[in-house]
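> Provide a 3D model corresponding to the input given below.
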Amino acid sequence: MEAVITPTKTLDVRGEICPYPDVNSMTTLKQMAKGEILEILVDYPLSVERIPRSARKWGHKVLSVEKIEGTDHRLLIEAFGLKK
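All right, here's what the predicted structure looks like:
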């Protein structure tokens, strides 16, 4: 049985195209404290690849990338804690 992850914050960037989903996601993660969980709802296919890659690059932990329906995806990312 998997543990249920409760996000600290949800960012819905569905309907937005590059670079907005990526930039908004990284900006939001940067403002979060270490250990907080960001849920990102996205429908832009390139962002489904880019957001997790960028998050890992900046030291955040990608917990899951889940297809919801059609092009909609749910990403869960644990913030590294860049907030001061």
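
> got the contact list for stretch 45-61?
13, 18, 21-22, 25-26, 29-30, 40, 42, 62, 65, 71, 73, 75, 77-80, 82 (Cβ atoms under 8 Å, 6 or more residues apart in numbering). C-betas here are computed from N, CA, C, even on glycine.

> which among those residues end up buried?
13, 21-22, 25-26, 29, 40, 42, 65, 73, 75, 77-80 (16 or more other Cβ atoms under 10 Å).

> hmm, back to that, show me the contacts of stretch 45-61 that map onto strands.
When DSSP state E defines the strands, the subset of the contacts of stretch 45-61 inside them is Ile40, Val42, Val62, Val65, His73, Leu75, Ile77, Glu78.

> Could you list which residues are in contact with the closest residue to the first one other than its chain neighbours?
In other words, Ile40. Spatially, and ignoring its direct neighbours in sequence, Ile40 is nearest to Leu75 (4.2 Å; Cβ to Cβ, 6 or more residues apart in numbering). By Cβ under 8 Å, 6+ apart, the contact list for Leu75 reads 25, 38-42, 48, 51-52, 62, 64-66.

> Grab the most central residue of this protein for me.
Nearest residue to the geometric centre of the chain (Cα atoms, centre = their mean): Ile40, 4.2 Å.

> Any figure for the gap between Phe80 and Tyr20?
22 Å (Cβ to Cβ, to the nearest Å).

> Tell me how many other residues crowd Ile17.
11 (other Cβ atoms under 10 Å).

> Distance of it relative to Glu69?
Ile17 is 19 Å from Glu69, by Cβ to Cβ.

> what's the answer for Ile51, then?
18 Å.

> out of those two, which sits in the busier spot?
Between Ile51 and Glu69, counted using other Cβ under 10 Å, the more crowded position is Ile51 (28 against 7).

> Helix, strand, or coil at the more buried one?
Secondary structure for Ile51, judged by DSSP: H, G, I helix; E, B strand; the rest coil, is helix.
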